[in-house]
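Engineer: A predicted structure for the sequence below; I have some questions about it.
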Amino acid sequence: MMNLAPKRTPLAEIHEEMGGNMVDFSGFYLPTHYTSITDEHVTVREGVGVFDVSHMGNFRLFGDTATETASRILTQDIVGMRMKQLKYTHFLDENGMIVDDMIIARLGENHYFAVPNAAKIKLDWDHFNKYRLPGTAMENLSDDYAIIAVQGPKAADVMRKVTTHPCEMKFFNCDLMHFKDLGKTYLVWRSGYTGEDGFELMIPNEDAVAVWRSIFKHGEPEGIKPIGLGARDTLRLEKSLLLSGQDFDFNHTSLETNVAWAVKWDHDFIGKDVLEKQKAEGIPCKFVAFHLKERGIPRTGMEIYKDGKLVGEVTSGTMVPGKKIGMGLGYVKPELQEYGCEFDIRIKSRDVPAVVVNPRA
Amino acid sequence: MSDISELHFPDGLKYTKTHEWAKIEGDVATVGITAYATHHLTDIVYLESPVIGEHAEQGKELEPEGAVESVKASTPIYSPFSGEILEVNEEVVDAPEMLNEDPYSNWIYKIGIEDASEIDNLMDLEPYRKHCEEEEH
């Protein structure tokens, strides 16, 4: 028999100790929240919070042709990456549909570390293997590493106390950092999925609990708190960051999303011909963020109407914590993509007016 | 999940399997959701108002609208009795977080009771508490 019990991350005992409301999330035993989603959301926006994102995958690519392999699979410009730089990228199937998104770090001339989404680790691994060139080795370290995300405007203050590093690198760069309490050195990315400044720490499983405790010890004066999956979703949603498997699931191209900039045209990659055709002919729909103008909450799968005609579908929605605004993400006809465009979200029997917003504003 | 013995369920109310409470006064029932429901929903951020004048059926979801929403999910409100929706607590519609604070003084709607014998399908305090314990396992 297969073991269907959710996987415990190396930090599971900590979540239980801190009072996390534990659930089975994509096969992982993780907390939805510790105190409340609203409290945790606001903590990350105004202070600093810590997430266990160990369910995310870890792939290492290396060997003489690693750069060439990454370049032919990924939509981003890999050849032009600086050492220790991170890039957000998509990779596509041969129909041009997004397989997954990920952040990739360049650690050496032909050495990369990438973090795919939890629910797609197996699929992504197979995809990379399929298009891997001779001379590229791949290692799936997903079961060996914990990832701890320290997020919020006070994240750098905390990391300066936890490590000996000045933390002056810009967002979307990484470095090795020496952790004072443990006397060990780990790879740390300056990145995150909250729309705030932050760091993501790649920690071997056996050290995860000690690193977590060290962060909380040094973060206490800043009011540091543990953050669950609920606030992780509302934080990313408020900033219109895509959720793999929900905002795209083999049904959209990169050009239809709000991150078409992750496609760089001066190299060949799997699915490029489809994107070129779509670029020439025009996209059928575009991903937007919207606020409701009246009371209500948009939810996944709800239809979007303009003058009584079906013009799109909601892929994500919530009530933004602390703001009392119903907010959603979804795809609409391209002529409705500009900020200020209006349409209606059909919520049961009501058509609730909504307006396209700039989530970064 | 956490210990439900800490949750408060007042005596003298009738309870549904779907975690509504009903306070019966003559042929009108005042309806809300229980502490078990609010505990599981956690942050209630929105109350989709039931529609006055609509007819509800015992044990069925309110139509066309009537739901309690947390940040993550929408949960329909069921009706403990068949009858017409007479009144909605606008104060709670405006500030649904009141349901988290006190789910019993903050009622949601009132319904006219058409068939008094339907009361036999509802639970008293002790059977309801047992029902909650079973749902935890």
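Structural biologist: Okay, I see it.
Engineer: Please tell me how far residue B:111 sits from chain A.
Structural biologist: 19 Å (C-beta to the nearest C-beta, to the nearest Å). All C-beta atoms are positioned from the backbone trio N, CA, C, and that covers glycine.
Engineer: wait, isn't that residue in contact with residue B:88?
Structural biologist: No. Assessed by C-beta atoms under 8 Å, residue B:111 is found out of contact with residue B:88, at 10.5 Å.
Engineer: Sketch out the helices for the stretch 201-350 of chain A, chain order is fine.
Structural biologist: A:208-219, A:229-238, A:272-281 (DSSP state H, counting those that start in this stretch).
Engineer: Could you identify which of those helices is most buried?
Structural biologist: Using mean count of other C-beta atoms under 10 Å in any protein chain shown, the stretch among the helices of the stretch 201-350 of chain A with the greatest mean number of neighbours is helix A:229-238 (a mean of 24).
Engineer: Which of the helices or strands spans the closest residue to chain B within the stretch 51-200 of chain A?
Structural biologist: With C-beta to the nearest C-beta as the measure, residue A:194 is the residue of the stretch 51-200 of chain A nearest to chain B, at 15.1 Å. Here residue A:194 sits in a region with no helix or strand, counting by DSSP states H and E.
Engineer: per-residue confidence at residue B:1?
Structural biologist: Per-residue pLDDT puts residue B:1 at 44.
Engineer: again, but for residue A:184
Structural biologist: 98.
Engineer: between residue B:111 and residue B:88, which one's more packed in?
Structural biologist: Per other C-beta atoms under 10 Å in any protein chain shown, whichever of residue B:111 and residue B:88 has more neighbours is residue B:111, with 26 against 18.
Engineer: what's the helix or strand for residue A:105?
Structural biologist: Assigned by DSSP H and E, residue A:105 falls in strand A:98-108.
Engineer: Quickly check: stretch A:329-348 near chain B or not.
Structural biologist: Yes. Judged by C-beta under 8 Å from any C-beta of the partner chain, stretch A:329-348 and chain B are in contact via residue A:348.
Engineer: Show me what counts as buried in that stretch.
Structural biologist: A:329-333, A:336-337, A:341, A:343-345, A:347 (16 or more other C-beta atoms under 10 Å in any protein chain shown).
Engineer: same check, this time on stretch A:134-153
Structural biologist: Result for stretch A:134-153 [16+ other C-beta under 10 Å]: buried residues A:136, A:138, A:140, A:142, A:145-152.
Engineer: Keep only those of these that are in strands.
Structural biologist: A:138, A:140, A:145-151 (DSSP state E).
Engineer: would you turn those into JSON lines with distance to residue B:41?
Structural biologist: Formatted as JSON lines, those follow (distance: C-beta to C-beta, whole Å):
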{"residue": "A:138", "distance to residue B:41": "43"}
{"residue": "A:140", "distance to residue B:41": "38"}
{"residue": "A:145", "distance to residue B:41": "34"}
{"residue": "A:146", "distance to residue B:41": "30"}
{"residue": "A:147", "distance to residue B:41": "29"}
{"residue": "A:148", "distance to residue B:41": "29"}
{"residue": "A:149", "distance to residue B:41": "26"}
{"residue": "A:150", "distance to residue B:41": "29"}
{"residue": "A:151", "distance to residue B:41": "25"}
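Engineer: one step back: who does the strand holding residue A:105 pair up with?
Structural biologist: strand A:86-92 (antiparallel), strand A:111-115 (antiparallel) (DSSP bridges).
Engineer: deepest of those strands, which one?
Structural biologist: Ranked by mean neighbours (mean count of other C-beta under 10 Å), the strands paired with strand A:98-108 are led by strand A:86-92, with a mean of 23.
Engineer: What is the nearest of the buried residues of stretch A:329-348 to residue A:17?
Structural biologist: residue A:329 (34.5 Å; C-beta to C-beta).
Engineer: surely the closest one meets residue A:315?
Structural biologist: Yes. Residue A:329 is within contact range of residue A:315, at 5.5 Å (criterion: C-beta under 8 Å).
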